[in-house]
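Q: let me see the structure of the following:
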Amino acid sequence: MKMNDIQRLLQKYQEGTLTPEEHAELDRLTHKDEVLAEAFHRADGIVFRRRIRNLSLALGGLVLLGAGVWMLTPHGAGEAPLVAEAVVEEPAAIEIPQTETLATTAAVKTAVADEPVQLAASSMPEPVKAVAQPDATVKTTPPTPASEQQNVVVCNTQCEADSVISNIWKFLSA
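A: Prediction:
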């Protein structure tokens, strides 16, 4: 008989003809208050677990962030931070030894006269005229401090890359 009463009250509820006394009777028969209380209790547990999970993830992220910042900061008590420093030594003065000048024509003629030559007159090459060049002077400038030094790259734009490479090859193969 209980099921028939529930069916009849639900039919009236669907039609919209349920009175407040009948509505209270339907709630009592279906245990509406107990069911809703249990559902809210379960929902509160789910919400609580979700909040705990989000809070623990946020706390873990903050701990990792703090550890990263701590690892990146210097830990010396009053010490200056480590800085890489380039030490540029001033170049030492280069002394160029004086080389002998080219031999004069008289010295070449005496050297040639001492050696017997068995060549025909027609096949003898013309004598080479040696020119004595004055000693080359090296222009030296005082070294500039490291803060004022600038590297300068000079490029000859009048020659082509192929000729430069062939000249280098000739030099290396000689």
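Q: please name the nearest non-neighbouring residue to Asp33.
A: Distance criterion Cβ to Cβ, 6 or more residues apart in numbering; nearest residue to Asp33, sequence neighbours excluded, is Asp27 at 6.8 Å. From N, CA and C alone the C-beta is placed, and that goes for glycine too.
Q: okay, now that neighbour: neighbour count?
A: By the criterion of other Cβ atoms under 10 Å, Asp27 has 14 neighbours.
Q: what do you get for Leu9?
A: Using other Cβ under 10 Å, Leu9 has 18 other residues around it.
Q: my guess is it meets Glu22, correct?
A: Yes. Using Cβ atoms under 8 Å, Leu9 is in contact with Glu22, at 5.7 Å.
Q: so which residues of the protein form helices?
A: 2-15, 20-30, 32-72, 105-114, 161-173 (DSSP state H).
Q: least reliable of those by average pLDDT, please.
A: Note on these: lowest mean pLDDT is at helix 105-114, with a mean of 57.
Q: the helices of the chain: which one's closest to Ile96?
A: Distance to Ile96, taken as Cβ to Cβ, is lowest for helix 161-173 among these, at 21.5 Å.
Q: want to try TSV for the helices of the chain, with distance to Val87 as columns?
A: Converted to TSV, those look like this (distance: least, Cβ to Cβ, whole Å):
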stretch	distance to Val87
helix 2-15	94
helix 20-30	90
helix 32-72	28
helix 105-114	51
helix 161-173	33
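Q: out of those helices, which is closest to Glu89?
A: Per Cβ to Cβ, nearest to Glu89 of the helices of the chain: helix 161-173, 30.0 Å.
Q: show me what that closest one is packed against.
A: If you count contacts as 3 or more Cβ pairs under 8 Å, 6 or more residues apart in numbering; DSSP states H and E, helix 161-173 packs onto no helix or strand.
Q: only alpha carbons, please: show stretch 166-173 as CSV.
A: Output in CSV follows, covering the C-alpha atoms of stretch 166-173 (Å, rounded to 0.1, in the frame of the first residue of the first chain):
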residue,chain,number,x,y,z
SER,A,166,96.3,30.0,-55.1
ASN,A,167,99.0,32.2,-53.5
ILE,A,168,98.6,30.4,-50.2
TRP,A,169,98.8,27.1,-52.0
LYS,A,170,102.0,28.2,-53.8
PHE,A,171,103.5,29.3,-50.5
LEU,A,172,102.7,26.1,-48.7
SER,A,173,103.8,23.8,-51.5
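Q: not counting its own residues, what contacts that stretch?
A: Where contact means Cβ atoms under 8 Å, 6 or more residues apart in numbering, no residue beyond stretch 166-173 reaches it.
Q: thanks a lot, see you next time.
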